[in-house]
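A.B. asks: Provided below for reference: sequence and predicted model.
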Amino acid sequence: MEFIFEWFRVLYDETGINLPFLYDSYDRNRMVNGFLTTIWLSVVCLFFSIIIGVIGAWLQGSAFTWTRRIVNGYIQVFRNTPPLVQLYFFYFAIGTILPKVENDWGGQSPILGSFAWAAISLSFFAGAFNVEIFRSGIEAVPKSTVEAAEALGFSKIQIYKDITLPLAFRVVLPALNNNLVNLVKTTTLAYAIAVPEMLYEANQIWSDNVNVTEMMLFMLLAYFFLVGILVGGMNRWERAMKIPGYG
Amino acid sequence: MTYKTDLPVMMPVAPRQPEPFLRLSLWHAVPIAALTIIAASLAFAAADDTRLSPLAVLANWIPLLLQGFVFNLAISVSAMALGTVVGAMLGLGQISPIRLMSSSSWFVTQFFRNAPWLVLLFFAMFLLPFEVSIFGLKIPFPDWFKAILGLSLPVMANVSEIVRGAVRSLPSGQWEAAESLAYTRGQTLWLVILPQCVKRMLPPWMNLYSILTMATVLASIVGVSEVMTLTGRALSAEGGRPELLAPFYGFVLLLFFAYCYPIARFTVHLEKKFAVIT
């Protein structure tokens, strides 16, 4: 391994192509941490956005007009405003209103850090899309299937959990994967509030080493492969989940 | 027309009403407005009265912010125009029968579709020179121009996919019928296929425009003075009062919502209108 790293140092000396995140252990750690932060942020947002989507889709089917209206309002507001402004709104506007806690050094620090706000904001953003996706999936489940379950004495919750969701899940998987890919790409916005994710760390490295061209090309390739692998894996999963006769 | 009758007969089926577009109900703006006002007044209650109230300060800055927003729209329109022209060519390249052409177009499309918008914007910002000299003539590249180029890259890739998807979605009978009428490939594309595709491409294209408009605020990260940058400057000019943050950012949210929501409604309306009945 060291041999390969050293080769990149020689490459820099010989040709001037500077890739410090490969030969310099400090920069390498920063890059790896940034990559892990990107993955972790995506996973957290994915988890919460799916929860928001499921609950929202369930509330949209409720009998109360006002519940449906509030959910619709939430969807429209978050779909039609820029995610970056949402992030700023959460981080700066709401973050400063919330109470502060005392940190280990005796100073005042906000109750939620930048990572938490990025996770909250992006979850709500992706969740707004998920509500619509799940609702269309639930509507795609044939009414006769639900009626058959009712005839068998399933309760409303049981029907939702055991009949509607598993069938709807297969219908929505392509759209959900699309949204997931979008989410991974949107995590770069967390750069704006200094969450140490991949783009932010790359920025740190190119500020220290003045190798913008190399880092920029590396970023493009890194996201290309990250998203490419994700899309490939999701397509395989879609094929594996397929039930003959449904979709 | 509906009839009232007790007779056990089947009523004529009412024709499906298309969704009226631009049905902007006022309450959609209520959540944002309420949130900003409540947050602002809550914070203001704690402050002393000698300073202007947050909303009065906001009112002072609104003309400047609106100018910034118009700049955003100008960026979005130019990036969309550029991206659509290049993307349409790339999309036609993807369906080309020449193997090399189609695979290289496919690769370019996938590459720019998979990269995040912000990374592409950085790419254009930092790697393009600030001026180019052609025949001794120096043409400056201002940062807004680079932002347009950077934003048009992902637009190009998405338009390319929209074009390819629309052409693929047409039944192959159209191609075969045109071929049997002795149309050349170019004629088939221009006279038979593409005119039918325009209808199918319009809703996703408008959707993309809406996404692009919302992405123009990314240019603030790289220092173009559009609405988000101006908001930041206005906030610091007011001395960084924390109770101003919510009204100002809320106002920017409201601006984009007011612009993008009608587009979204119109897109849904078009989708329903052009829906293929199966």
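C.D. replies: That came through fine.

A.B. asks: which residues of chain A fall in strands?
C.D. replies: A:100-102, A:108-110 (DSSP state E).

A.B. asks: just for chain A, where's the confidence low?
C.D. replies: Across chain A, the ranges flagged by pLDDT under 70 are A:106, A:245-247.

A.B. asks: ok, longest helix in it?
C.D. replies: Looking across chain A with DSSP state H, the single longest helix is helix A:25-60.

A.B. asks: list the buried residues in that helix.
C.D. replies: For helix A:25-60, a neighbour-count test (16 or more other C-beta atoms under 10 Å in any protein chain shown) marks A:27, A:30-31, A:34-35, A:37-38, A:41-42, A:44-46, A:48-50, A:52-54, A:56-60 as buried. The way it works is simple: take the backbone N, C-alpha and C, and place the C-beta from them, glycine included.

A.B. asks: most tightly surrounded among the strands of chain A?
C.D. replies: strand A:108-110 (a mean of 12; mean count of other C-beta atoms under 10 Å in any protein chain shown).

A.B. asks: can you tell if it touches chain B?
C.D. replies: No - using C-beta under 8 Å from any C-beta of the partner chain, strand A:108-110 stays clear of chain B, with a minimum separation of 11.5 Å.

A.B. asks: and that strand, which strands flank it?
C.D. replies: Sheet pairing of strand A:108-110 (DSSP bridges) gives strand A:100-102 (antiparallel).

A.B. asks: who touches the partner strand?
C.D. replies: A:108-111 (C-beta atoms under 8 Å, 6 or more residues apart in numbering or on different chains).

A.B. asks: and the stretch 101-250 of chain B, which of its residues are near chain A?
C.D. replies: Counting by C-beta under 8 Å from any C-beta, the stretch 101-250 of chain B sits next to chain A at B:110-111, B:114-120, B:122-123, B:126-127, B:210, B:214-218, B:220-221, B:228, B:242, B:245-246, B:249-250.

A.B. asks: going by neighbour count, which of these are buried?
C.D. replies: B:110-111, B:114-120, B:122-123, B:126, B:210, B:214-218, B:220-221, B:228, B:245-246, B:249-250.

A.B. asks: and the longest helix of chain A, what does it pack onto?
C.D. replies: Applying 3 or more C-beta pairs under 8 Å, 6 or more residues apart in numbering or on different chains; DSSP states H and E, one finds that helix A:25-60 contacts helix A:20-23, helix A:65-79, helix A:114-140, helix A:165-186, helix A:198-209.

A.B. asks: OK, contacts around residue A:20?
C.D. replies: A:12, A:27, A:205, A:208-209, A:211 are the contacts of residue A:20 under C-beta under 8 Å, 6+ apart.

A.B. asks: and these, which of them are buried?
C.D. replies: For the contacts of residue A:20, buried by 16+ other C-beta under 10 Å: A:12, A:27, A:205, A:209, A:211.

A.B. asks: isn't the second one up against residue A:207?
C.D. replies: In other words, residue A:27. No - taking contacts as C-beta atoms under 8 Å, residue A:27 lies outside contact range of residue A:207: 11.4 Å.

A.B. asks: close to chain B: what parts of chain A are there?
C.D. replies: So far as C-beta under 8 Å from any C-beta goes, chain A lies against chain B at A:69, A:73-74, A:76-77, A:79-86, A:88-89, A:92-94, A:96-97, A:181, A:185-189, A:191-192, A:199, A:212-213, A:216, A:219-220, A:223-224, A:227-228, A:231.

A.B. asks: who's in contact with residue B:94?
C.D. replies: B:102, B:105-106, B:109, B:160, B:163-164.

A.B. asks: can we see that at 6 Å?
C.D. replies: Under the criterion of C-beta atoms under 6 Å, 6 or more residues apart in numbering or on different chains, the neighbours of residue B:94 are B:102, B:105-106, B:164.

A.B. asks: run the chain-centre distance for the longest helix of chain A.
C.D. replies: When distances are taken as C-alpha atoms, centre = their mean, to the nearest Å, helix A:25-60 is centred 5 Å away from the chain's centroid.

A.B. asks: for stretch A:15-32, same thing?
C.D. replies: With C-alpha atoms, centre = their mean, you get 27 Å for stretch A:15-32.

A.B. asks: how near is the spatially closest residue to residue B:158 that is not a sequence neighbour to residue B:252?
C.D. replies: Spatial nearest neighbour of residue B:158, excluding adjacent residues (C-beta to C-beta, 6 or more residues apart in numbering or on different chains): residue B:208 at 5.2 Å. Residue B:208 sits 22 Å away from residue B:252, taking C-beta to C-beta, to the nearest Å as the criterion.
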